[in-house]
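Chemist: I need the structure of the sequence given here:
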Amino acid sequence: MQEEAVLPGVGEAFLKEKKVPGCCLAAETGSELSRKVEGVFSVCHREEERERKRKRRAAEARVRGCGGRRGSPSSSPLCRLKARARGTHCTMVKETTYYDVLGVKPNASQEELKKAYRKLALKYHPDKNPNEGEKFKQISQAYEVLSDSKKRELYDKGGEQAIKEGGTGSSFGSPMDIFDMFFGGGGRMQRERRGKNVVHQLSVTLEDLYNGATRKLALQKNVICDKCEGRGGKKGAVECCLNCRGTGMQIRIHQIGPGMVQQIQSVCMECQGHGERISPKDRCKSCNGRKIVREKKILEVHIDKGMKDGQKITFHGEGDQEPGLEPGDIIIVLDQKDHSVFTRRGEDLVMSMDIQLVEALCGFQKPIVMLDNRTIIITSHPGQIVKHGDIKCVLNEGMPFYRRPYEKGRLIVEFKVIFPDSGFLSSDKLCLLEKLLPPRQEVEETEEMDQVELVDFDPSQERQHHYNGEAYEDDEHHPRGGVQCQTS
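Modeler: Model (predicted):
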């Protein structure tokens, strides 16, 4: 009876307040009803506690000036102003997939996005986790969209579908390109972001390098198709290849023995290594889906005075174009032809000059036609003897210095004295010439001296002598066998 008096006074009023059906009060009495009421008390208490926490969070969020729940709308100017001051993102989002991939909230700031991407990209990079290529790709796609303010706004309003249909194309940038752009490349993770350089040789004469020249060079190079803007097809028609998942490569496992397998990597045959697929009906008619076309390019090559053989002239950014890559350079390498008179040695010009014996003894004047068609005259005055092999120079008549064309090197001349043939003078004239020349030294012969004959040198005679010597040596070390007399 005590339980019946207590429960109606406390529990019944509470149960009625909570809209518990009256049949529950009439059906149960005593200790059984007490246990039921305690259970209801516990459930209601938990519900009230959750409701108080929700209201408290909402109140705190209103104080901060932004909605408290993820993805809650907020269009208040005050909210946007406070979010901008804190560097956070405040807007209504349709889906949170990309935010969830990076593990951030929809109002995350750019700094928070960078921090999250850095951590996840290093963790799931293919060099560290070869089996997490798809995860790495998702992380890169999410960061590519959310790090761009325009793409992020479009994604928040319409989700991933809006990104595909909103003019940004359905294909994403290469995950490795995004990684290299973020980390600056390096080691195995570094990828080439520039196209290959194209090298051409240009044949030039020594006159071109002396005077300077301009040459026109016609080339064929790849350029991005302007009809499809390098997409290869209509907007939104480019799809990621499902066979290789956009990597352009296929990996096959080949068993080479019991418990032994070999991993073979090859170009994806579905997309031909491009990582993308375009329906034939949507392909660009101009480039047929290749994204590039061939174009004729005429380059004017300016050869400056003083340039050297093998020197390079670079046309930056004039190489083959390719979507997603910065064009490479066209490099022109000068290839100098041999000259009939002059040889270049640095900034000096070297030449050989033949002079007669009379010129070597009595002086001469020699004209030289230079590379700019000027004629200079070199003079050796009478009494100045020029010996065979002498080397002399003329200052400031060599090659012009590169980028200092008014300064020149030396013209170096090596002399070769041409002597007359034997018998060009009779005996009486020779006696007269001997009187004009300095006296010769007489040699006193003794009995110990041997008189020998001086003849012209013949290289073939030397080789024959060498072979005969070898034959004699063979005979000495290996005597020939012959018929010997028999002795008794």
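Chemist: going forward, measure contacts between C-alpha atoms and count neighbours the same way
Modeler: Will do.
Chemist: tell me the SS of residue 132?
Modeler: helix (DSSP: H, G, I helix; E, B strand; the rest coil).
Chemist: what sits against the residue nearest to it when sequence neighbours are not counted?
Modeler: The shortest distance from residue 132 to any non-neighbouring residue, by CA to CA, 6 or more residues apart in numbering, is to residue 124 (6.0 Å). Counting by CA atoms under 8 Å, 6 or more residues apart in numbering, residue 124 touches 132, 133, 135, 136.
Chemist: and residue 124, how far from residue 349?
Modeler: 63 Å (CA to CA, to the nearest Å).
Chemist: ditto for residue 416
Modeler: Counting by CA to CA - residue 416 and residue 349 are separated by 17 Å.
Chemist: can you check residue 363 too?
Modeler: With distances taken as CA to CA, residue 363 is found 23 Å from residue 349.
Chemist: do residue 54 as well
Modeler: 92 Å.
Chemist: same check, this time on residue 238
Modeler: On the measure of CA to CA, residue 238 and residue 349 end up 62 Å apart.
Chemist: what's the answer for residue 388, then?
Modeler: For residue 388 relative to residue 349 (CA to CA), the value is 20 Å.
Chemist: tell me which of those two has more neighbours.
Modeler: For residue 388 versus residue 349, neighbours defined as other CA atoms under 10 Å are more numerous around residue 349 (21 against 16).
Chemist: what bridges to the more buried one?
Modeler: Under the criterion DSSP bridges, residue 349 forms beta bridges with residue 344, residue 411.
Chemist: mind listing what it touches?
Modeler: 342, 343, 397, 398, 399, 409, 410, 411, 412.
Chemist: check contacts around the fourth one.
Modeler: Applying CA under 8 Å, 6+ apart, one finds that residue 398 lies in contact with 347, 348, 349, 408, 409, 410, 411.
Chemist: let me see the backbone angles for it.
Modeler: When read as degrees, to the nearest 10, the backbone of residue 398 gives phi -90, psi -150.
Chemist: and the closest residue to residue 218 other than its chain neighbours, how far from residue 224?
Modeler: The shortest distance from residue 218 to any non-neighbouring residue, by CA to CA, 6+ apart, is to residue 298 (4.4 Å). As judged by CA to CA, residue 298 and residue 224 stand 17 Å apart.
Chemist: one more: residue 309?
Modeler: 34 Å.
Chemist: who's more crowded, those two?
Modeler: Shown here are residue 309 and residue 224; by other CA under 10 Å, residue 224 has more neighbours (21 against 17).
Chemist: thought the more buried one was touching residue 292?
Modeler: Yes - under the criterion of CA atoms under 8 Å, residue 224 makes contact with residue 292 at 4.4 Å.
Chemist: okay, and the common contacts of these two?
Modeler: By CA under 8 Å, 6+ apart, the residues touching both residue 224 and residue 292 are 230, 321, 322.
Chemist: dump the residues you listed to CSV, plus distance to residue 118, secondary structure and pLDDT.
Modeler: Supplementary listing: the shared contacts of residue 224 and residue 292 in CSV, determined by distance: CA to CA, whole Å; DSSP: H, G, I helix; E, B strand; the rest coil; pLDDT from 0 to 100:
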residue, distance to residue 118, secondary structure, pLDDT
230, 30, coil, 85
321, 31, coil, 90
322, 28, strand, 86
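Chemist: neighbour-wise, which of those leads?
Modeler: Neighbour max across the shared contacts of residue 224 and residue 292 (other CA under 10 Å) = residue 321, 24 neighbours.
Chemist: need the helices for the stretch 351-488 of the chain, in chain order.
Modeler: 357-362, 427-436, 459-477 (DSSP state H, counting those that start in this stretch).
Chemist: least confident of the ones you listed, on average?
Modeler: Confidence, taken as mean pLDDT, is least for helix 459-477 of the helices of the stretch 351-488 of the chain (a mean of 61).
Chemist: low-confidence stretches in the stretch 51-200 of the chain?
Modeler: Low-confidence segments of the stretch 51-200 of the chain, defined by pLDDT under 70, span residues 59-92, 126-131, 165-192.
Chemist: can you pull out the low-pLDDT segments for the stretch 301-450 of the chain?
Modeler: For the stretch 301-450 of the chain, no range has pLDDT under 70.
Chemist: do that again at 90, thanks
Modeler: Within the stretch 301-450 of the chain, the ranges that satisfy pLDDT under 90 run 322-326, 383, 422-425, 427-428, 430, 433-447.
Chemist: wasn't residue 339 part of a strand?
Modeler: No - read with three-state DSSP, residue 339 is coil and lies in no strand.
Chemist: got phi/psi on it?
Modeler: Phi and psi for residue 339, reported as degrees, to the nearest 10, are phi -100, psi 150.
Chemist: residue contacts, it?
Modeler: 205, 206.
Chemist: check the one 4 residues further on too.
Modeler: Contacts of residue 343 were listed using CA under 8 Å, 6+ apart, and they are 349, 350, 351.
Chemist: switch the residues you listed over to TSV; also include distance to residue 202.
Modeler: TSV is the format used below for the contacts of residue 343 (distance: CA to CA, whole Å):
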residue	distance to residue 202
349	22
350	24
351	25
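Chemist: which of the residues you listed lies closest to residue 317?
Modeler: Residue 317 lies nearest to residue 349 out of the contacts of residue 343, by CA to CA, at 36.1 Å.
Chemist: buried sites along stretch 283-294?
Modeler: 283, 284, 286, 287, 288, 289, 290, 291, 292, 293 (16 or more other CA atoms under 10 Å).
Chemist: I meant to write stretch 346-362 there.
Modeler: Neighbour counts using 16+ other CA under 10 Å place 347, 348, 349, 350, 351, 355, 357, 359, 360, 361 of stretch 346-362 among the buried residues.
Chemist: what distance do you get for the third one to residue 409?
Modeler: What it means is residue 349. 8 Å.
Chemist: for the fifth one, same thing?
Modeler: Distance, residue 351 to residue 409, using CA to CA: 14 Å.
Chemist: ditto for the second one
Modeler: Counting by CA to CA, the separation of residue 348 from residue 409 is 5 Å.
Chemist: quickly list what's touching both of those two.
Modeler: 398, 399.
Chemist: look up phi and psi at residue 444.
Modeler: Main-chain torsions, residue 444, degrees, to the nearest 10: phi -90, psi 120.
Chemist: contact partners for the closest residue to residue 355 other than its chain neighbours?
Modeler: Take residue 355 and drop its neighbours on the chain: the residue closest to it by CA to CA, 6+ apart is residue 417, 5.0 Å away. Taking CA under 8 Å, 6+ apart as the criterion, residue 417 is in contact with 354, 355, 356, 357, 360, 387, 388, 389.
Chemist: show me what contacts the closest residue to the first one other than its chain neighbours?
Modeler: Nearest non-adjacent residue to residue 354, counting by CA to CA, 6+ apart: residue 416, 4.8 Å away. The neighbours of residue 416, taking CA under 8 Å, 6+ apart as the test, are 352, 353, 354, 355, 387, 388, 389, 390.
Chemist: I am finished for the moment; much appreciated.
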